[in-house]
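J.: sequence plus the predicted model coming up.
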Amino acid sequence: MSMAPMADSANGYLWQDGTLRSWLLTTDHKRIALLYMASITAFFILGGVGAALIRLQLLVPAGAILSDETYSRMFTLHGVVMVWLFLVPSIPVTLGNFLVPLMLGARDLAFPRLNLLSWYLFVMAGMLVVYGLFRGGLETGWTFYTPLSTDYTQGHVLPVVAGVFLSGFSSIATGVNFIISIHQLRAPGMTWYRLPLMLWALYATSVIFVLATPVLSITLVLLAFEHFFHVGVFDPALGGDPLLFQHLFWFYSHPAVYIMILPGMGVISEVVSTFCHKPVFGYRFVAWSSISIASIGFLVWGHHMFVAGTSLYAAVVFSMLSFLVSVPSAIKVFNWLGTMHGGAIRLDAPMLYAMGFIGLFTVGGLTGLFLASLASDVHLTQTYFVVAHFHYIMVGGMVSAYFAGLHYWWPKITGRMYPEMWGRTAAGLLFFGFNLTFFPQFLLGYEGMPRRYATYPAQFQVLNVLSSAGASILALAYILPLVYFAWSLLRGARASDNPWQATGLEWRTSSPPPTENFAHVPVVNHDAYDYAALDQANRAASQEPPHA
Amino acid sequence: MSWLPEASGHATRVDVLLAGLLLISLAVLGLVFGLMVLNIIRFRVGSGVPVSHEAVVHKSWGFEIGWTVATLVIFFALFIWAARLYVVGFQPPSGAIQIYVTGRQWMWKVQYPGGQREINALHVPLGRPVQLLMTSEDVIHDFSIPVLRIKHDVLPGRYQSLWFIATRPGSFRFYCTQFCGIGHSRMTGTLVVLSSTEYADWLDHTPASGSLATAGEMLFIHNGCSGCHVSGRYAPDAQDTSRAPSMVGLYGSLVPGPDGRPVRVDGGFLHDAILHVGPARTPQANYTTTMPSFRGVLGEDDLAALVAYIQTLSPSVPAGMGAAAVTARDGG
């Protein structure tokens, strides 16, 4: 490398003290973010292997490689690992952990040791789940519906449920930390309406973490009580109500969908603004739409149960509320498009991922309308249509946003640039591979193919083969960044402090930042995304001789 | 691969709804992708169009209110359209043929009013309303018939109802669509829609162990029900109603529910009352005996037969009565 290393990158948080002990006992939010990143990457690979085996199995109507039992255990593994050990933590605990103090202009989160504790809880949770899954796993699906999960499973329910229970505490710790940090640690001049939209999104996410997760914890405790002590809560044979479990489960798990997507929306607002060099259109609408998604999101759980045997009136009310909750998401999409209008658009990899997000999330949202509509939901629910729908949101949306964020903040996190050409290639592959994998599943669902089938009627084979072919391209799109990020960490070009000409406070410190984040407490005199001020400062700096 | 056929009027109406949703989705997608591409062409760095920062920023309120209201209006129309179509599912016509469907790991048992039984197959006549009364012996299943665009979960310990009028003869697949354990994907079967004459013929040639109601009558005697409940037929059995309510005319009548409000006695009510489960169990009013629970004593097959028998003691009440109440109340 021809460039000389900059003085402060050697002093950055990353290389300052390289001992294992200093990493494992760190309370630096940036290092904890990287610990989390390593763990969720491992879980993503594990869940991805599960997905690969599922798609291999479904190449042939009779099932290619797995027995019915192994197949059931495999999609349970895929679901549990991807939801609780990757999607729910993903952006908040990695990018969020890294960025919240930097964007606030603070030294660290409000409770640095609680932050480290949350990582240890998460790792223990992950170990428990992995232990359960590898001891033989369980065949309940990630939804653990009763009485299947309590009375009729031979699988290892206890470790898996205990792991999910424990990961909830990790989520709550992170949520509490973010909420208090955003309230208390804003730099001088950083008013609520000057916060980057990423922080509004993470704030909304944290509120859901704190309010919804306890309901899941209680539900899982009740489930364990019924499984081991035969206390009748959910099982009708013991005087319980099986629908009660579904109500409690979805009371957490629907808001959890917004836990998984809101931080992604925050990333997209940052990326779109930066690569259009223009303030986000309708800042306050985008900010408050995060809050309204988080609030209305608590009132729509019943739409998972339109055919479960709830009352007609409940179904009608939940359907109406489900339409309502999609309005703020639509507002965000329109505002991102408004941001692009009249901007100076650069198509670097983060922006390509962001546009992929907007397209795929829109498809996911629109197909959500098919499922919020009562009569069409009856036909489509519990089929591959639902599988396709939520993968468009969770993978097309959330994973695209995660990759957008990783590429965007990579120079800040590591002090190195990733190879741009490879970044764009991976973004394109992800979009193409994803659509090839999941679009055929919409058609399969309409045709009536039920989800969670280890074998299927021969008429569905063509679409299943297409889907599996797409999955192999998708796998490539995931492996590629793993390789070039690793390369970049050692050999990438040195990054400047603000390589994208972005406005957030995180770009005002060095790349990578020093352990204490800022040499001086930053003072905020501008709205977020004030590019006019940034351009002016740049012009002034370039006219002055660089001696200061 | 052939397109999924529509085998009922309801299926056609659902397809029209889906087409409507699809058209709106395509319009929105066209708009989103169109604007994205246009923006890139016009405003990409190097495209030569001069950039003006302030041009759009201050006009945002009009846009925001405009697209929010437009989205709300379209969504509300879709909601009403789809909800109206869904409500129909809760209102089975009177006089529907009632067929009992019992799910268990991993098969469907089907029982007809005439006592015919079959496994993983459902025979119905063309053009006549059919109501399925469904329950499970173990975990939650779901009875899904894609060609009719209907499905409903099948829960242990209670009745769920689905009804339809098949308008297309032929054999079609039905599935279990609620994951019910490792044999889930084997829990499928065939719906056979026959013309009226073929259906009558099929009923005649399918071995029946007496009608369902007859089987229920036997159970009513053997399990001692007739010792307390008046059924109006058996001289040596109960003749006075001080010990337990009379079964004559009970089905279809209104009785006081647990919260004092009147409840309509239907299949689900009887099922729950015999097992002592569910919210609508009648309070032990001023009777001299207390009825034991038959949970664990009677299986779902037996219960279906008993319910069918008690129905025959209310000959003036049409068979399809009260199924809306079955489903609606169960959620309560």
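T.: Received the coordinates, thanks.
J.: so where's the longest helix in the chain?
T.: No chain specified, so I'll use chain A. Assignment by DSSP state H gives helix A:242-276 as the longest helix of chain A.
J.: meant chain B, my bad for not saying
T.: Max-length helix for chain B by DSSP H is helix B:9-43.
J.: helices or strands next to that one in the packing?
T.: helix A:312-340, helix A:349-372, helix A:374-380, helix B:60-87, strand B:160-165 (3 or more Cβ pairs under 8 Å, 6 or more residues apart in numbering or on different chains; DSSP states H and E). In this view, the C-beta of every residue, glycine as well, is placed from N, C-alpha and C.
J.: closest to A:R113 out of these?
T.: helix A:349-372 (32.5 Å; Cβ to Cβ).
J.: might you name the residue of chain A sitting closest to chain B?
T.: Nearest residue of chain A to chain B (Cβ to the nearest Cβ) works out as A:G448 at 2.9 Å.
J.: buried residues in the longest helix of chain B?
T.: Residues of helix B:9-43 classed as buried by neighbour count (16 or more other Cβ atoms under 10 Å in any protein chain shown): B:10-11, B:13-15, B:17-18, B:20-21, B:24-25, B:28, B:32, B:35-36, B:39, B:43.
J.: model confidence over stretch A:291-303, on average?
T.: In this model, stretch A:291-303 has an average pLDDT of 93.
J.: close to chain B, is it?
T.: No - with Cβ under 8 Å from any Cβ of the partner chain as the criterion, chain B is not reached by stretch A:291-303; the gap is at least 9.5 Å.
J.: then that stretch to CSV, C-alphas only?
T.: The C-alpha atoms that make up stretch A:291-303 are tabulated as CSV, following Å, rounded to 0.1, in the frame of the first residue of the first chain:
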residue,chain,number,x,y,z
ILE,A,291,-42.8,5.9,16.2
SER,A,292,-46.2,5.2,14.7
ILE,A,293,-45.0,1.9,13.2
ALA,A,294,-43.7,0.9,16.7
SER,A,295,-47.0,1.9,18.3
ILE,A,296,-49.6,0.6,15.9
GLY,A,297,-47.4,-2.5,15.5
PHE,A,298,-48.5,-3.6,19.0
LEU,A,299,-52.1,-3.7,17.8
VAL,A,300,-52.0,-6.0,14.8
TRP,A,301,-50.9,-9.4,16.2
GLY,A,302,-54.4,-10.9,15.5
HIS,A,303,-53.7,-10.9,11.7
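J.: these two touch, right, B:R186 and B:W106?
T.: Yes - here B:R186 lies in contact with B:W106, judged by Cβ atoms under 8 Å, at a distance of 5.3 Å.
J.: distance of A:T414 from A:L223?
T.: 42 Å (Cβ to Cβ, to the nearest Å).
J.: no no, A:V129
T.: In terms of Cβ to Cβ, A:V129 sits 15 Å off from A:L223.
J.: neighbour-wise, which of those two wins?
T.: Between A:V129 and A:L223, A:V129 has the larger neighbour count (other Cβ atoms under 10 Å in any protein chain shown), namely 26 against 23.
J.: how much space is there between B:I182 and chain A?
T.: Taking Cβ to the nearest Cβ, to the nearest Å as the measure, B:I182 falls 5 Å from chain A.
J.: count the neighbours of that residue for me.
T.: 21.
J.: repeat that for the one 10 residues further on.
T.: As a burial measure, B:V192 scores 18 neighbours (other Cβ under 10 Å).
J.: can you tell me the helix or strand for it?
T.: Counting by DSSP states H and E, the element that carries B:V192 is strand B:188-194.
J.: can I get the helix or strand following that strand in PDB, CA atoms only?
T.: Using DSSP H and E, the helix or strand that follows strand B:188-194 towards the C-terminus is helix B:196-205. The C-alpha trace of helix B:196-205 is given here as PDB (Å, rounded to 0.1, in the frame of the first residue of the first chain):
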ATOM      1  CA  SER B 196     -76.200 -35.400  -7.300                       C
ATOM      2  CA  THR B 197     -76.900 -38.800  -8.700                       C
ATOM      3  CA  GLU B 198     -73.300 -39.900  -8.500                       C
ATOM      4  CA  TYR B 199     -73.200 -38.700  -5.000                       C
ATOM      5  CA  ALA B 200     -76.400 -40.600  -4.000                       C
ATOM      6  CA  ASP B 201     -74.900 -43.600  -5.700                       C
ATOM      7  CA  TRP B 202     -71.600 -43.200  -3.800                       C
ATOM      8  CA  LEU B 203     -73.400 -42.900  -0.500                       C
ATOM      9  CA  ASP B 204     -75.400 -46.100  -1.300                       C
ATOM     10  CA  HIS B 205     -72.300 -48.100  -2.100                       C
END
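J.: list the contacts of helix B:196-205.
T.: Identification of contacts with helix B:196-205 by Cβ atoms under 8 Å, 6 or more residues apart in numbering or on different chains yields B:112, B:114, B:116, B:123-128, B:194.
J.: among those, which two are most distant?
T.: Farthest pair in the contacts of helix B:196-205, by Cβ to Cβ: B:Q116 and B:G127, 20.1 Å.
J.: of those two, who's got more company?
T.: Set B:Q116 next to B:G127 and count neighbours by other Cβ under 10 Å: B:Q116 wins out with 20 against 14.
J.: list the contacts of the more buried one.
T.: Contacts of B:Q116 (Cβ under 8 Å, 6+ apart): B:203, B:206-208.
J.: tell me which two of those sit farthest apart.
T.: B:L203 and B:P207 (10.7 Å).
J.: low-confidence stretches in the stretch 101-250 of chain B?
T.: Residue ranges of the stretch 101-250 of chain B with pLDDT under 70: B:209, B:232-240.
J.: just the stretch 401-548 of chain A next, same as before
T.: Applying pLDDT under 70 to the stretch 401-548 of chain A flags residues A:544-548.
J.: near chain B, which residues of it?
T.: Residues of the stretch 401-548 of chain A found near chain B (Cβ under 8 Å from any Cβ) are A:446-448, A:450-457, A:459-460, A:462-463, A:531-532.
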